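In: pasting the structure only:
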């Protein structure tokens, strides 16, 4: 295997771990799931999805409704504009995070397994989005019959920036989870909150593991980032 | 937070009646794209699970999949490496942005806490 490639993929794995860890820490800091609850909300609706008790088609149906709501929310200006990749990653990460939080709180899985699940989901998103970009570039080149164009790799390299969408920003993820949590039973909501805290505490350890890697990167963004890590440990 | 309340309202209406919200052709295209990506996430997650059963790590699987994708358009090893590096650079930049953003959120939260104490 090419050594350069090995380094590159190792970095990808480190980033994949660090980002959900940072998000977990942030979730722990916020008063998530503590908002005022509307009694008219159907708190049974999302429950089976979090419990993993749905058929594949029912899962698709529920995710379709969530995606539709987000797309409408963007159109009506109540949600900041997002790409299809952003929306898909937000739904995947948000639902996964709630599901594993519940499992951790109930003792079905431990926090290390929970972080593995988060990393695996992030990895699958990176691979899917990268492949989608490559396919689009490939198809466009084939349509133009210039698949040997020198600019093909340039176009792809530029297009691959969309892979960043695989990691939903905290400022979007937290309100999403907060909203989604209203559609599960109050008891489950409490359990999810407890699980989020447990995963967040485990995430602190993982962030600590990748700090040497991050340390090189943070030089590029100044003292503020270093202070962030100092505030954690 | 208004955003939360409004998304809740839209979602509640859709749960009540899925046809209560009609999508334009453009929005339908986005929805199809979102659902295609979600399907891709699930399929790749399943593939990753099978790979782990066979002894591969997540990193090894991710590397093999990314190489498979970029090989379709890369003419040689240098181009292949360049595309993989582009992915890595993007994720690295994202990491920095994420950490910076979280730091700003943290600072804001701390300030609010301090103000509340005073």
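Out: Alright, I've got the coordinates. Here the structure is a predicted model, which means the values were calculated and not measured.
In: what about residue A:124, helix or strand, and which?
Out: For residue A:124, the host element (DSSP states H and E) is helix A:111-143.
In: Packing partners of that helix?
Out: helix A:3-29, helix A:84-106, helix A:152-159, helix A:186-218, helix B:25-53, helix B:58-71, helix B:77-117 (3 or more CB pairs under 8 Å, 6 or more residues apart in numbering or on different chains; DSSP states H and E). All C-beta atoms are positioned from the backbone trio N, CA, C, and that covers glycine.
In: Run the contact check for the second one versus chain B.
Out: Just to be clear, that refers to helix A:84-106. Yes. Helix A:84-106 reaches chain B (CB under 8 Å from any CB of the partner chain) through A:84-85, A:87-89, A:91-92.
In: now those in TSV, with pLDDT and neighbour count?
Out: Below are these laid out as TSV (pLDDT from 0 to 100; neighbours: other CB atoms under 10 Å in any protein chain shown):
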residue	pLDDT	neighbour count
A:84	97	23
A:85	96	21
A:87	97	27
A:88	98	30
A:89	96	29
A:91	97	24
A:92	96	23
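In: What is the nearest of the residues you listed to residue A:157?
Out: Here the nearest of these to residue A:157, counting by CB to CB, is residue A:85; it sits at 16.8 Å.
In: got a list of what the closest one touches?
Out: A:129, A:132, A:162, A:165-166, B:37 (CB atoms under 8 Å, 6 or more residues apart in numbering or on different chains).
In: For those, pick the one with the most neighbours.
Out: residue A:166 (30 neighbours; other CB atoms under 10 Å in any protein chain shown).
In: what's near enough to touch that one?
Out: Each residue near residue A:166 by CB under 8 Å, 6+ apart is listed here: A:85, A:89, A:122, A:125-126, A:129, B:91.
In: change it to 10 Å
Out: Each residue near residue A:166 by CB atoms under 10 Å, 6 or more residues apart in numbering or on different chains is listed here: A:15-16, A:19, A:85-86, A:88-89, A:92-93, A:121-130, B:37, B:41, B:90-91, B:94.
In: Need the nearest residue in space to it, chain neighbours excluded.
Out: Nearest residue to residue A:166, sequence neighbours excluded (CB to CB, 6 or more residues apart in numbering or on different chains): residue A:125, at 3.8 Å.
In: Likewise for residue A:161?
Out: Nearest one to residue A:161, counting by CB to CB, 6+ apart, is residue B:90 at 5.1 Å.
In: wait, isn't that neighbour in contact with residue B:66?
Out: No. Assessed by CB atoms under 10 Å, residue B:90 is found out of contact with residue B:66, at 12.0 Å.
In: Out of those two, name the residue with the larger neighbour count.
Out: Using other CB under 10 Å, the more surrounded residue of residue B:90 and residue B:66 is residue B:66, with 27 against 22.
In: Distance-wise, check that one relative to residue A:116.
Out: 20 Å (CB to CB, to the nearest Å).
In: thinking again about what came up before, can you list the buried residues in the helix holding residue A:124?
Out: Buried residues in helix A:111-143, defined by neighbour count with 16 or more other CB atoms under 10 Å in any protein chain shown: A:111, A:114-134, A:137-138, A:141.
In: which ones are touching the residue nearest to residue A:161?
Out: Residue B:90 makes contacts with A:12, A:15, A:126, A:130, A:157, A:160-166, as judged by CB under 10 Å, 6+ apart.
In: now swap in residue B:10 and tell me
Out: A:68-73, A:75-76, A:78-79, A:179, B:20-21.
In: for residue A:156, same thing?
Out: Shown in contact with residue A:156 (CB under 10 Å, 6+ apart): A:130, A:133-134, A:136-138, A:141, B:69-70, B:72-74, B:79, B:82-83, B:86.
In: now, which of the contacts of residue B:90 sits nearest residue A:47?
Out: residue A:166 (27.1 Å).
In: for that closest one, phi and psi?
Out: Backbone torsions for residue A:166, taken as degrees, to the nearest 10, come to phi -60, psi -20.
In: Against residue A:144, how distant is it?
Out: Residue A:166 is 28 Å from residue A:144, by CB to CB.
In: if we can go back for a sec, which member of the contacts of residue A:156 is positioned nearest residue A:187?
Out: Closest approach between the contacts of residue A:156 and residue A:187, by CB to CB: residue A:130, at 39.9 Å.
In: Residue B:70: what's its closest spatial neighbour, skipping adjacent residues?
Out: residue B:83 (4.1 Å).
In: The one you found: what's it in contact with?
Out: A:130, A:133-134, A:137, A:153, A:156-157, A:159-160, B:66-67, B:69-71, B:73-74.
In: which pair in those residues spans the largest distance?
Out: Farthest pair in the contacts of residue B:83, by CB to CB: A:159 and B:67, 17.4 Å.
In: shaky segments in chain B?
Out: B:1-5, B:95-118 (pLDDT under 70).
In: Quick one: neighbours of residue A:164, just the number.
Out: 23.
In: What separation do you get for it and residue A:152?
Out: Residue A:164 is 21 Å from residue A:152, by CB to CB.
In: Same question for residue B:79.
Out: Counting by CB to CB, the separation of residue B:79 from residue A:152 is 9 Å.
In: can you list residues touching both of these two?
Out: Counting by CB under 10 Å, 6+ apart, the residues touching both residue B:79 and residue A:152 are residue B:73.
In: which residue packs closest to residue A:44, ignoring adjacent ones?
Out: Closest to residue A:44 by CB to CB, 6+ apart is residue A:185, at 6.7 Å.
In: Same question for residue A:106.
Out: Nearest non-adjacent residue to residue A:106, counting by CB to CB, 6+ apart: residue A:191, 6.5 Å away.
In: Nothing else from me, thank you.
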